[in-house]
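Trainee: Structure here, sequence nowhere to be found:
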């Protein structure tokens, strides 16, 4: 497997040409722009030059034209330009499947699902599965339970599976429950719950966590073509939103095969940094033996393992030391033991791999930190490990400095705060909320904090995420002054988190996240000056063009 990138080779070529008294000829120069570089040595510029998919020079219009007189010139027309944004935690297959399935996200009235399902059933051949995604499994569980009989009635000839927004719950109609032989006598599987009617014990159709597999195992698997189509559709959505790279946060064998196929066909739309599914040790073993697989063309790199330690706050499956404030008999669930996290992390460190562990609750974060501590002690030579905790959503204040001490990256999602704030404090109470979505506390402690969205469970528009990080308000401006506003960040901190920090989280700070010599020519043209516009204007900021490797891959359609 390849373990080197093209960056050192590129640097050697540039140094050689410089010492030999020659200037490398650019393929293209981009001029007359307001270039926001994210490079602290030259934060703004007018123009830059590109050669073989890399940026080689950044400076003035005059410098570009004088130095590269033979290069093709593209006039940016005074537009604002910034580096392509890196989505450092997303789920591409789920996003693509959302585009292919019944999309329930953003529906505010659960009864609207009945209408949508009735229409889809009318146009679907009898007996075929109907799939949907995106109902609010954090808030609607009771409503979906109450609608179970009605939902089953409008789709009696089709097995139906509707996945919840955050993936921790699913809803099956009566036909699907019958296929899976789930009755009032079916026991809960380990790590899962079959919700039943308290009056008669009948299954409601709501299945939580591991119980979902009781139904999903009977669903026809995606074909190779369907899987590839989903990735292509997801890529188009990212480019439209100015996202040129993604850290895909849980990849299985079939997913990787589809991505390899797309790469061979030159059909990958964005650059991938893959996190392998930590539950599939057969998939992991070759990487434990051979180390990371780093694509010299920077399209498809494998260097990380994804582990889940707990569930979600919305479903009360995030793991806490003390019971939920609004559910005194619930502590949450642990899906991977501390010992297993330690074992997998130790093997990863020995192989030069990164580990990213999903941890939401305060106890889950402590378990993960303790497991990482033990693994790092067992592998003292692992110097630049960049171990990650994904979400770090509710952390005890005394544990935040440990992230810095251990060199742990806290990968966080600003949209989670603004989505959860109507009910989050009810879940955790007035004391634990002080360590919730605590971006400022992490930054002040010196922790590396990349920002991302965790799409498709949250909006993937990065400017929406930036607004959330800067204001901690809804798009309507509520609450006034921001929710626990002491955790708000500045504009420069937010931009840094979505570009430079996200590149660092994938060991790619030398090739991504900035418009600077040696960086990939991945950049976007946006509709306004992101450095100076008011916070509210972030919500209306548009991506007008997206470039990957210096090539135009998306242009906004004019009205």
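Mentor: Okay, I see it. This is a predicted model, so every value here is computed, not measured. Numbers count the residues shown, from 1 in each chain.
Trainee: Shouldn't residue 546 be within a strand?
Mentor: Yes - for residue 546, which was evaluated using DSSP: H, G, I helix; E, B strand; the rest coil, the result is membership in a strand.
Trainee: how far away is it from residue 499?
Mentor: Using C-beta to C-beta, to the nearest Å, residue 546 is found at 14 Å from residue 499. For every residue, glycine as well, the C-beta is placed using N, CA and C.
Trainee: now do residue 151
Mentor: Computed with C-beta to C-beta, the distance linking residue 151 and residue 499 is 43 Å.
Trainee: For these two, indicate the residue with more neighbours.
Mentor: Neighbours of residue 151 and residue 499, each counted by other C-beta atoms under 10 Å, are more numerous for residue 499; the result is 27 against 23.
Trainee: got the contact list for the residue nearest to the more buried one when sequence neighbours are not counted?
Mentor: Leaving aside its chain neighbours, residue 499 sits nearest to residue 513 (4.3 Å; criterion: C-beta to C-beta, 6 or more residues apart in numbering). Residue 513 makes contacts with 38, 83, 86, 499-504, 519, as judged by C-beta atoms under 8 Å, 6 or more residues apart in numbering.
Trainee: Now go through these and say which are in helices.
Mentor: Mapping the contacts of residue 513 onto helices (DSSP state H) picks out 500-504.
Trainee: ok, and the most crowded of those?
Mentor: The member of the ones in helices among the contacts of residue 513 surrounded by the most neighbours (other C-beta under 10 Å) is residue 502, with 30 neighbours in all.
Trainee: Hmm, residue 90 and it touching each other?
Mentor: No - the pair residue 502 and residue 90 does not pass the contact test of C-beta atoms under 8 Å, sitting 11.0 Å apart.
Trainee: which residues do the two both contact?
Mentor: When contacts are counted by C-beta under 8 Å, 6+ apart, residue 502 and residue 90 are jointly contacted by 247, 452.
Trainee: And the helices in the stretch 301-450 of the chain?
Mentor: 338-351, 362-378, 400-406, 414-420, 424-432, 439-444 (DSSP state H, counting those that start in this stretch).
Trainee: who touches the residue nearest to residue 332 when sequence neighbours are not counted in this structure?
Mentor: Nearest-residue entry for residue 332: residue 319, 3.8 Å, with adjacent residues in sequence omitted and distances by C-beta to C-beta, 6+ apart. With contacts defined as C-beta under 8 Å, 6+ apart, the neighbours of residue 319 are 309-311, 331-334, 360-361, 363-364, 367.
Trainee: ok so the residue nearest to residue 499 is a strand residue?
Mentor: No - secondary structure of residue 513 (three-state DSSP): coil, not part of a strand.
Trainee: if I look at it, how far off is residue 84?
Mentor: Counting by C-beta to C-beta, the gap between residue 513 and residue 84 amounts to 9 Å.
Trainee: how about stretch 318-335: buried residues?
Mentor: Across stretch 318-335, burial judged by 16 or more other C-beta atoms under 10 Å covers 318-320, 324-325, 331-335.
Trainee: same question, stretch 418-435
Mentor: Neighbour-count burial for stretch 418-435, with 16+ other C-beta under 10 Å as criterion, is recorded at 418-421, 424-425, 427-428, 432-435.
Trainee: again, but for stretch 509-519
Mentor: With the criterion 16+ other C-beta under 10 Å, stretch 509-519 contains buried residues 509-517, 519.
Trainee: re the thing from before, among the contacts of residue 513, which one sits closest to residue 486?
Mentor: Proximity of the contacts of residue 513 to residue 486, judged by C-beta to C-beta, is greatest for residue 501, which lies at 20.7 Å.
Trainee: need the contact list for the closest one.
Mentor: Under the criterion of C-beta under 8 Å, 6+ apart, the contact list for residue 501 reads 88, 448-451, 513.
Trainee: Relative to residue 412, how far out is it?
Mentor: From residue 501 over to residue 412 the distance is 10 Å, taken as C-beta to C-beta.
Trainee: In the stretch 151-300 of the chain, what residue spans correspond to strands?
Mentor: Secondary structure of the stretch 151-300 of the chain (DSSP state E, counting those that start in this stretch): strands located at 160-164, 169-172, 192-196, 203-209, 243-251, 271-277, 300-308.
Trainee: how much distance is there from the fourth one to the middle of the chain?
Mentor: So the one you mean is strand 203-209. From the chain centre to the centre of strand 203-209 is a distance of 26 Å (C-alpha atoms, centre = their mean, to the nearest Å).
Trainee: For stretch 485-503, buried residues please.
Mentor: So for stretch 485-503, counting by 16+ other C-beta under 10 Å, buried means 487-489, 491, 493-503.
Trainee: Doesn't residue 125 belong to a strand?
Mentor: No - with three-state DSSP as the criterion, residue 125 is coil rather than part of a strand.
Trainee: any shared contact partners between residue 501 and residue 412?
Mentor: With contacts taken as C-beta under 8 Å, 6+ apart, residue 501 and residue 412 have 449-451 as neighbours in common.
Trainee: Serialize those residues to CSV and add fields for neighbour count.
Mentor: Compiled in CSV, the shared contacts of residue 501 and residue 412 are given as follows (neighbours: other C-beta atoms under 10 Å):
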residue, neighbour count
449, 23
450, 27
451, 31
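Trainee: Any chance of TSV for the residues you listed, columns distance to residue 255 and pLDDT?
Mentor: What follows is the shared contacts of residue 501 and residue 412, written out as TSV (distance: C-beta to C-beta, whole Å; pLDDT from 0 to 100):
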residue	distance to residue 255	pLDDT
449	27	98
450	22	98
451	24	98
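Trainee: Which two of the contacts of residue 513 have the greatest separation?
Mentor: Looking at the contacts of residue 513 by C-beta to C-beta, the two members farthest from one another are 501 and 519, with 15.2 Å of separation.
Trainee: SS state for the nearest residue to residue 466 once chain neighbours are set aside?
Mentor: Distances taken as C-beta to C-beta, 6+ apart place residue 494 nearest to residue 466, at 4.8 Å, with adjacent residues excluded. For residue 494, the assignment made with three-state DSSP gives helix.
Trainee: right, and residue 494 touches residue 451 too?
Mentor: Yes - taking contacts as C-beta under 8 Å, residue 494 lies within contact range of residue 451: 6.9 Å.
Trainee: what sits in contact with each of the two?
Mentor: Taking C-beta under 8 Å, 6+ apart as the criterion, residue 494 and residue 451 both touch 414, 466, 469.
Trainee: The strands of the stretch 151-300 of the chain: which one's closest to residue 536?
Mentor: Between residue 536 and those, the shortest gap by C-beta to C-beta is with strand 243-251, which sits at 22.0 Å.
Trainee: Before I go, just wanted to say thanks for your time.
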